[in-house]
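K.L.:
whatever this is, show me its structure:
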Amino acid sequence: MTLEEHIEDIRSGIKSGRFRNEAAVSQGIVLRLLQVLGWPTFDTQVVCPEYSLEGRRVDFALCHPSSKPIAFIEVKQIGQSDGAERQLFEYAFHIGVPVAILTDGQEWNFFLPAEQGDYGERRVYKLDLVEREPQESAARLIRYLSYSEVTTGRAIAAAREDYQNVSRNRQMLATLPEAWTKLVSEEDDLLLELVADRVESLSGFKPDLDTVAKFLRENVVFRSSALANAQATQTPRAQPQRIVAQAPPLPQRIQAIGPGTNTIAVGFSLDGKFVSCRNGREVLIGVFEALSQRDPSFPDRFAARPKHGRTRRYLARTADELYPSRPDLAREHFAKLTSGWYVGTNVSKAQIERITEMCCEVARIRFGKDLLVNIGE
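P.N.:
You can find the predicted model right below:
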């Protein structure tokens, strides 16, 4: 019989209730598969049953060379393996066995005890002989448990490689929400344009980037944040928290000068001189204009920065250069400075703030000190 045929027969036996206790699992499943996988099950110095560890016993120790364990197998009755990892890990740590296997005959859990994380995070693979196809089960058993793979070290190397992949995937999945939140909260220009383009394709009208940014802030970032806080603090009887979207704080706002007024003036202040503007885009244009007049080399140095936006330049010699792949934007969304340079105006308020900070870096002035901006609510 081939390994797949043995697995198929074992699957049938599990479904029919043939393996009623731990001893039946050990003899009828574990030893049977070990023998098919090339292990000399008759040699008790290689496949050691009831391996003793200071008064405790592990069901099987697979040894290479003889009497030197390279893997432990702990066997439980079908459906009774939950919670047995701790005991198995203690056995493995005691003598530094690199691979630990916990099985109830149906489920096979392959662990690397020396790796990091809790028991579940140190599990390389979970194989269910009933749920998986015999061909897939056979391939996994050969990869991790065949005599030739284990004794040559290839099985351990394969397990470590798979562990790294599992760990990497776990880290990526854990980081995805943070990455998504950053894209939205930082108002990534490519994301905003993708959403705006899709709205246009569906409705025939294209929203400006401020509208898209506001929608994402209110419906994604703050909702996700509030939900995370609610989940972290909620007790079983706690009522769901009402989600309130709040605009992110604007940096270094300029207060209008005047007795008894709390009005916030839109505009910018450079070297103590305030310039009033109607909106955030005028602030952006005004900052570029003022810094260009202050230092004629400023536009060249700003344009020389290797990174502007993902798909655009914030300052360029021509309108087409502002949006290399979007001639439709180049026709409308720009302003021409007196120096002849062009500023892209298809930007959100958060992007305006970041661009003015970039201006300060290029001009070698302090953002929030030498240059203060307020782009409005």
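K.L.:
for this protein, which helix is longest?
P.N.:
For the chain, the helix with the greatest residue count under DSSP state H is helix 154-185.
K.L.:
go ahead and measure how far that one is from the middle of the chain.
P.N.:
From the chain centre to the centre of helix 154-185 is a distance of 7 Å (C-alpha atoms, centre = their mean, to the nearest Å).
K.L.:
sort out which residues of it are buried, please.
P.N.:
The neighbour-count check on helix 154-185 (16 or more other C-beta atoms under 10 Å) flags 155-156, 158-160, 162-163, 166-167, 181, 183-185 as buried. Using the backbone N, CA and C atoms, a C-beta is placed for each residue, glycine as well.
K.L.:
Leu372 in helix, strand or coil?
P.N.:
The three-state assignment at Leu372 reads strand, by DSSP: H, G, I helix; E, B strand; the rest coil.
K.L.:
specify the beta-bridge partners of it.
P.N.:
Taking DSSP bridges as the rule, Leu372 bridges to Ser269.
K.L.:
gap between it and Leu270?
P.N.:
Counting by C-beta to C-beta, to the nearest Å, the separation of Leu372 from Leu270 is 8 Å.
K.L.:
just Ala24 next, same as before
P.N.:
The value you get for Ala24 to Leu270, if C-beta to C-beta is used, is 84 Å.
K.L.:
again, but for Cys360
P.N.:
Separation of Cys360 from Leu270 (C-beta to C-beta): 10 Å.
K.L.:
what touches both of the two?
P.N.:
Overlap of the contact sets of Cys360 and Leu270 (by C-beta atoms under 8 Å, 6 or more residues apart in numbering) consists of Asp370, Leu371.
K.L.:
give me the residue ranges of the stretch 1-150 of the chain where confidence is low.
P.N.:
Applying pLDDT under 70 to the stretch 1-150 of the chain flags residues 55, 83-94, 115-120.
K.L.:
what are the boundaries of the strands in it?
P.N.:
Taking DSSP state E, counting those that start in this stretch as the criterion, the stretch 1-150 of the chain carries its strands at 47-53, 56-63, 69-75, 99-103, 107-111, 123-128.
K.L.:
sheet-wise, list the partners of the fourth one with their directions.
P.N.:
What it means is strand 99-103. Applying DSSP bridges to the sheet, strand 99-103 is found paired with strand 69-75 (parallel), strand 107-111 (antiparallel).
K.L.:
go on, the last one?
P.N.:
The sheet places strand 123-128 alongside strand 107-111 (antiparallel), with pairing taken from DSSP bridges.
K.L.:
what about the strand it pairs with, distance to the chain center?
P.N.:
When distances are taken as C-alpha atoms, centre = their mean, strand 107-111 is centred 26 Å away from the chain's centroid.
K.L.:
quick check: angle from it to helix 154-185?
P.N.:
80 degrees (axes from the mean of the first three to the mean of the last three C-alpha atoms, to 10 degrees).
K.L.:
hey, C-alpha coordinates of strand 107-111 in PDB?
P.N.:
Taking Å, rounded to 0.1, in the frame of the first residue of the first chain, the C-alpha atoms of strand 107-111 are listed here in PDB:
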ATOM      1  CA  GLU A 107      -5.000  16.100  14.000                       C
ATOM      2  CA  TRP A 108      -1.200  16.400  13.800                       C
ATOM      3  CA  ASN A 109       0.400  19.500  15.300                       C
ATOM      4  CA  PHE A 110       4.100  20.200  14.400                       C
ATOM      5  CA  PHE A 111       5.900  22.500  16.700                       C
END
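K.L.:
identify each buried residue in it, please.
P.N.:
By 16+ other C-beta under 10 Å, the buried positions in strand 107-111 come out as Glu107, Trp108, Asn109, Phe110, Phe111.
K.L.:
follow-up on the earlier one: for the buried residues of helix 154-185, could you give me TSV that also reports distance to Arg366 and pLDDT?
P.N.:
TSV is the format used below for the buried residues of helix 154-185 (distance: C-beta to C-beta, whole Å; pLDDT from 0 to 100):
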residue	distance to Arg366	pLDDT
Ala155	60	93
Ile156	57	90
Ala158	56	91
Ala159	54	90
Arg160	50	87
Asp162	51	84
Tyr163	49	81
Val166	47	71
Ser167	43	67
Thr181	29	78
Leu183	28	79
Val184	29	78
Ser185	24	75
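K.L.:
determine which two of these are furthest apart.
P.N.:
For the buried residues of helix 154-185, with distances taken as C-beta to C-beta, the pair at the greatest spread is Ala155 and Ser185 (45.4 Å).
K.L.:
counting contacts, what elements does the longest helix of the chain pack onto?
P.N.:
Packing partners of helix 154-185 (3 or more C-beta pairs under 8 Å, 6 or more residues apart in numbering; DSSP states H and E): strand 99-103, strand 123-128, helix 134-145, helix 147-151, helix 222-233.
K.L.:
thinking again about what came up before, looking at Ala24 and Leu270, which is more packed in?
P.N.:
Neighbour count, other C-beta atoms under 10 Å: between Ala24 and Leu270, Leu270 has more, with 18 against 15.
K.L.:
might one say that the more buried one is in contact with Phe288?
P.N.:
No. With contact defined as C-beta atoms under 8 Å, Leu270 does not reach Phe288; the gap is 11.4 Å.
K.L.:
who touches stretch 48-66?
P.N.:
Stretch 48-66 is contacted by residues 26, 30, 34, 39, 43, 45-47, 67, 69-75, 88, 90-91, 94-95, 97, 150-151 when judged by C-beta under 8 Å, 6+ apart.
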